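A.B. asks: My questions concern the predicted model and sequence given below.
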Number of protein chains: 2
Amino acid sequence: MPIITPRTLSGFLELLPAPQQQMERFLQVLRETYSLYGFTPLDTPLVESAEILLAKGGGETEKQIYRFSKGDADLALRFDLTVPLAKYVAMHVGELSFPFRRYQIGKVYRGERAQRGRFREFYQADIDIIGDGRLDVANEAEIPSVIYATFTKLGLERFQIRVNNRKILNGFYAILGLSDRAGDIMRTVDKLDKIGAEKVRGLLVDDAALTCEQADEIMRFIAIRGGNAEVLNRLSAWQGRNERFDLGLEELRTVVKYLSAFGVPETHFAVDLTIARGLDYYTGTVYETVMLDHPEIGSICSGGRYDNLAEFYTDRQLPGVGISIGVTRLFYILQEQNLLNPELNTAPADVLILPMTQDLTASGEAATFFRGRGIRTQLYTEQKKFKAKMSYADKLGIPFAAFLGEDEIAAGKISLKDMTTGEQTLLTLDEAAARVRTTLDARAAGKLIRG
Amino acid sequence: MPIITPRTLSGFLELLPAPQQQMERFLQVLRETYSLYGFTPLDTPLVESAEILLAKGGGETEKQIYRFSKGDADLALRFDLTVPLAKYVAMHVGELSFPFRRYQIGKVYRGERAQRGRFREFYQADIDIIGDGRLDVANEAEIPSVIYATFTKLGLERFQIRVNNRKILNGFYAILGLSDRAGDIMRTVDKLDKIGAEKVRGLLVDDAALTCEQADEIMRFIAIRGGNAEVLNRLSAWQGRNERFDLGLEELRTVVKYLSAFGVPETHFAVDLTIARGLDYYTGTVYETVMLDHPEIGSICSGGRYDNLAEFYTDRQLPGVGISIGVTRLFYILQEQNLLNPELNTAPADVLILPMTQDLTASGEAATFFRGRGIRTQLYTEQKKFKAKMSYADKLGIPFAAFLGEDEIAAGKISLKDMTTGEQTLLTLDEAAARVRTTLDARAAGKLIRG
């Protein structure tokens, strides 16, 4: 029979069992944390009508989308979780209660040029809060606490949530009489981290054709740094000159005010006036999250406030605020940078039972007993030499081996070997289960990410 | 702006939040149970090269597959989890340890004719044990215990695991000199439940052109029923006449022998000689699982032993045994039949905090406190009348509302209202968290399925 060389498509992440266990833990932390904040899980199809997905249309989306037909249906794979959410909320608006808080963790597809660390299939993990007609700014204040809790639970310590407000930016550019060029200016300012202040100023004067005074005022504005109180204080300098600016500043004050109540330490938060995010979408608070020791990675969790989630599917005004984590890319980087805790158990089982008799009855009963106690148990069934069996447990990193021979069966006991310490003890099943549980609980105390 | 009517493709299940919570619980039980049995989770791409997915080719698969191109790549959506597993194991054979036990829960795609209860996108939940070169029959004996544990944890009580062995069938037809017609005969016998014994016999004589004696012997054979011991005993009548039959009978004896050690009660197990499953694939034990009160649903968990998982991708012999649950279809039927326990909490949060002051600091702190205790908490942020806020909690089925006004804040307490009993109590945050936890734990004791 002709053999087809097995391969996985480039840009499609497929993990070996041990890293997959780490990925599962990552996703489980996200599910649990998002749930704690009152977000309900959704699961929408990966395939939608192309007309629905491309309602907004234009730009990179159209080029990157996986689009195909089946019969006479024009279909496509979703490229994010926001468009399917918009469709869902517009469709079910009468059946949902608002504010509607949902999380969704799922794969999305973008046919980007294949490149190391760039994925064509990747997980996004989104939360959004959608209002019907209006949505209080308190929701924008709560979002940093979800970001903080999520990364803290994953084990990340050195990260910072950076926040800006689009009304402040738009108001500021209006004060300078530059409203019509605000988009270009923000795109230029966005390069600050990459090219530095001097070059940004040069581009503002040469390419965006601003006066030196305008460029200088912009540079002064985006250079505002410091503690939250100081930044808010310095922003007051522009207050009273533009209604939108004032409103944005008021919103930013609210976000900052509630940080502590929502459990976000000031060390992990900063106002950053260079952040703009999706120019045609966000209208209020915007968020980015950076790993302080790895600024080259860019933002690992971003989002913001928008005024109209589903304008392409309904006349109903549905404002919202949301954030997204690009899980696959982040996981890949953490793995590459050696930031995943290698001490967490990635074995398929906690105990490997090795029968030392032909008859498997006693071993099967022991397996059933352990499983009844919530211990992940594998019964080793193959006829192999003892050394091969132990090497199997070793390779998989199974923390405990349990031997069951004639002597153990006669004594109603089991020989439990801690594969880490090498210690082997004759124990009743009850004692063995307790020993395994205690040992593993202690070892499982660590978190997924170190850094 | 032109509005596009939001819609979801026919054959693609998209649940409202409350049933989605039930579905999440379903998937979580599967993940936990499969893990208990030492299966490691895998997550392979939904998109693969069409050449890989269609290596076997032929039949319904080619017609139903979603196939498309992107650039010059010929791609397709996976139609099951077995082919991706075969590819994965063949690709990584040097990096895996055998027996390799994996579970995978994921969506698969089949462009079937749209029909009520038929899905084009649906979850499969598979486990497989793959051997390198050989795999002991003990693994076939262990599979019923996974099936039993899974459905029992889901809450199903009235179900039965039905088992047959393909070697027994093939050996039996060889004894009758009907090896070359065994496929046709098995397809006819498979109709027994639908058309009855008399019609099956008629078809065997008329269509399959068997003699009356052959047809009668087949009818006697498939009519064998009773307890395990009795069935095995009656099967011995054919023993010693065909090597394959004898081997199959020996395997069946092993499966039956270990049932009790693996915790499967005899009430939930039966040998059923009419079961054949995928004719060109399975070679040993085969499994079906039926809901006793809903035979019309057919098998809810099926699978079996196969000799060669990845013959299209490698010369290496990789025998295995596996089962699959068609999750989406089963969930849909359980929902339709009203068999999902309505008492389980499907709300997005356990507690809804209703601030009765303008300033949200105290309410935010209370939310942070509850979340720190693992209680899913939502802060109600909108300016609405009290009645509207209560109706929000009601509609979502949130079990507790917590009011925080000037009086509560001054007293350092919170008014906790149990939405089920209507009882409202002034409590410290500590007391409130404990009350919520105790109450919800008691109410969460129920299982997902009733039946």
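C.D. replies: Received the coordinates, thanks.

A.B. asks: Just say helix, strand or coil for the residue nearest the centre of chain A.
C.D. replies: Note on chain A: the residue nearest the mean C-alpha position is A:Ile325, at 3.1 Å, using CA atoms, centre = their mean. Here A:Ile325 is strand, with the state taken from DSSP: H, G, I helix; E, B strand; the rest coil.

A.B. asks: How about the contacts made by A:Lys384?
C.D. replies: A:Tyr392 (CB atoms under 8 Å, 6 or more residues apart in numbering or on different chains). No exception for glycine: its C-beta is placed from N, CA and C like everyone else's.

A.B. asks: Quick check: it is in a helix.
C.D. replies: No - when three-state DSSP is applied, A:Lys384 is found to be coil, with no helix at that position.

A.B. asks: For it, what are phi and psi?
C.D. replies: Its backbone dihedrals place A:Lys384 at phi -130, psi 170, with angles given as degrees, to the nearest 10.

A.B. asks: B:Gly38 versus that one, what's the distance?
C.D. replies: If you measure A:Lys384 against B:Gly38 using CB to CB, to the nearest Å, the figure is 17 Å.

A.B. asks: right, and the helix or strand after the helix or strand hosting A:Lys389?
C.D. replies: Secondary structure from DSSP states H and E places A:Lys389 in helix A:386-396. Using DSSP H and E, the helix or strand that follows helix A:386-396 towards the C-terminus is strand A:400-404.

A.B. asks: Against which helices or strands is that following strand packed?
C.D. replies: If contacts are counted by 3 or more CB pairs under 8 Å, 6 or more residues apart in numbering or on different chains; DSSP states H and E, strand A:400-404 sits against strand A:351-355, helix A:361-372, strand A:414-418, helix A:429-443.

A.B. asks: Make JSON lines from those and add distance to B:Ile224 and mean pLDDT to it.
C.D. replies: Rendered in JSON lines, the data for these read as follows (distance: least, CB to CB, whole Å; pLDDT from 0 to 100):
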{"stretch": "strand A:351-355", "distance to B:Ile224": "32", "mean pLDDT": "97"}
{"stretch": "helix A:361-372", "distance to B:Ile224": "26", "mean pLDDT": "98"}
{"stretch": "strand A:414-418", "distance to B:Ile224": "39", "mean pLDDT": "98"}
{"stretch": "helix A:429-443", "distance to B:Ile224": "38", "mean pLDDT": "95"}
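
A.B. asks: do you know which of those lies nearest chain B?
C.D. replies: Of all these, the one in closest proximity to chain B, counting by CB to the nearest CB, is helix A:361-372 (3.3 Å).

A.B. asks: So which bits of the closest one are buried?
C.D. replies: Of the residues in helix A:361-372, those with enough neighbours to count as buried (16 or more other CB atoms under 10 Å in any protein chain shown) are A:Ala362, A:Ser363, A:Gly364, A:Glu365, A:Ala366, A:Ala367, A:Thr368, A:Phe369, A:Phe370, A:Arg371.

A.B. asks: now stretch A:110-127
C.D. replies: Along stretch A:110-127, the positions that meet the burial threshold by neighbour count (16+ other CB under 10 Å) are A:Arg110, A:Gly111, A:Phe119, A:Arg120, A:Glu121, A:Phe122, A:Tyr123, A:Gln124, A:Ala125, A:Asp126, A:Ile127.

A.B. asks: Closest to B:Leu77 out of those residues?
C.D. replies: When the buried residues of stretch A:110-127 are compared for distance to B:Leu77 (CB to CB), A:Glu121 wins out at 11.3 Å.

A.B. asks: pLDDT value on the closest residue to the closest one other than its chain neighbours, please?
C.D. replies: Here the nearest residue to A:Glu121 in space, its sequence neighbours aside, is A:Phe12; by CB to CB, 6 or more residues apart in numbering or on different chains that works out to 4.8 Å. Per-residue pLDDT puts A:Phe12 at 96.

A.B. asks: coming back round to it: so for the buried residues of stretch A:110-127, which is the shakiest by pLDDT?
C.D. replies: The pLDDT minimum for the buried residues of stretch A:110-127 sits at A:Gly111, where the score is 92.

A.B. asks: roughly how far apart are it and B:Gly106?
C.D. replies: The span separating A:Gly111 from B:Gly106 equals 21 Å under the rule CB to CB.

A.B. asks: again, but for A:Arg220
C.D. replies: Plainly put, A:Arg220 is 53 Å away from B:Gly106 if you go by CB to CB.

A.B. asks: Same check on A:Phe12?
C.D. replies: For A:Phe12, the distance to B:Gly106 - CB to CB - is 13 Å.

A.B. asks: possible to save the helices and strands packed on strand A:400-404 as TSV with distance to A:Ser299?
C.D. replies: As requested, the helices and strands packed on strand A:400-404 are arranged in TSV below (distance: least, CB to CB, whole Å):
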stretch	distance to A:Ser299
strand A:351-355	42
helix A:361-372	43
strand A:414-418	43
helix A:429-443	33
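
A.B. asks: JSON lines for those, including distance to chain B?
C.D. replies: As requested, these are arranged in JSON lines below (distance: least, CB to the nearest CB, whole Å):
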{"stretch": "strand A:351-355", "distance to chain B": "8"}
{"stretch": "helix A:361-372", "distance to chain B": "3"}
{"stretch": "strand A:414-418", "distance to chain B": "14"}
{"stretch": "helix A:429-443", "distance to chain B": "13"}
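
A.B. asks: Tell me which of the ones you listed lies nearest to B:Tyr306.
C.D. replies: Of all the helices and strands packed on strand A:400-404, the one in closest proximity to B:Tyr306, counting by CB to CB, is helix A:361-372 (22.9 Å).

A.B. asks: what comes into contact with the closest one?
C.D. replies: For helix A:361-372, contacts defined as CB under 8 Å, 6+ apart pick out A:350-351, A:353-355, A:357, A:377-379, A:402, A:404, A:408-409, A:414, A:429, A:432-433, A:436, B:36-37, B:141-142, B:145, B:149, B:257-258, B:261-263.

A.B. asks: hmm, try it at 6 Å
C.D. replies: The contact list for helix A:361-372, computed with CB atoms under 6 Å, 6 or more residues apart in numbering or on different chains, reads A:351, A:353, A:355, A:377, A:379, A:404, A:409, A:414, A:429, A:433, B:36, B:258, B:261-263.

A.B. asks: The longest helix anywhere in chain A and chain B, any residue contact?
C.D. replies: In chain A, with assignment by DSSP state H, the single longest helix is helix A:17-36. Yes - applying CB under 6 Å from any CB of the partner chain, one finds helix A:17-36 touching chain B at A:Pro17, A:Gln20, A:Glu24, A:Ser35, A:Leu36.

A.B. asks: Restrict that helix to CA atoms and write it as PDB.
C.D. replies: Presented in PDB, the C-alpha positions along helix A:17-36 are these (Å, rounded to 0.1, in the frame of the first residue of the first chain):
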ATOM      1  CA  PRO A  17       1.500  15.000  25.200                       C
ATOM      2  CA  ALA A  18       3.600  16.700  28.000                       C
ATOM      3  CA  PRO A  19       3.300  20.300  26.600                       C
ATOM      4  CA  GLN A  20      -0.300  19.600  25.800                       C
ATOM      5  CA  GLN A  21      -0.900  18.900  29.500                       C
ATOM      6  CA  GLN A  22       0.600  22.300  30.200                       C
ATOM      7  CA  MET A  23      -1.700  23.900  27.600                       C
ATOM      8  CA  GLU A  24      -4.700  22.200  29.100                       C
ATOM      9  CA  ARG A  25      -3.800  23.700  32.500                       C
ATOM     10  CA  PHE A  26      -3.400  27.100  30.800                       C
ATOM     11  CA  LEU A  27      -6.900  26.800  29.300                       C
ATOM     12  CA  GLN A  28      -8.400  25.600  32.600                       C
ATOM     13  CA  VAL A  29      -7.000  28.600  34.500                       C
ATOM     14  CA  LEU A  30      -8.600  30.900  32.000                       C
ATOM     15  CA  ARG A  31     -12.000  29.100  32.200                       C
ATOM     16  CA  GLU A  32     -11.900  29.200  36.000                       C
ATOM     17  CA  THR A  33     -10.800  32.800  36.300                       C
ATOM     18  CA  TYR A  34     -13.300  34.100  33.700                       C
ATOM     19  CA  SER A  35     -16.000  32.200  35.400                       C
ATOM     20  CA  LEU A  36     -15.100  33.700  38.800                       C
END
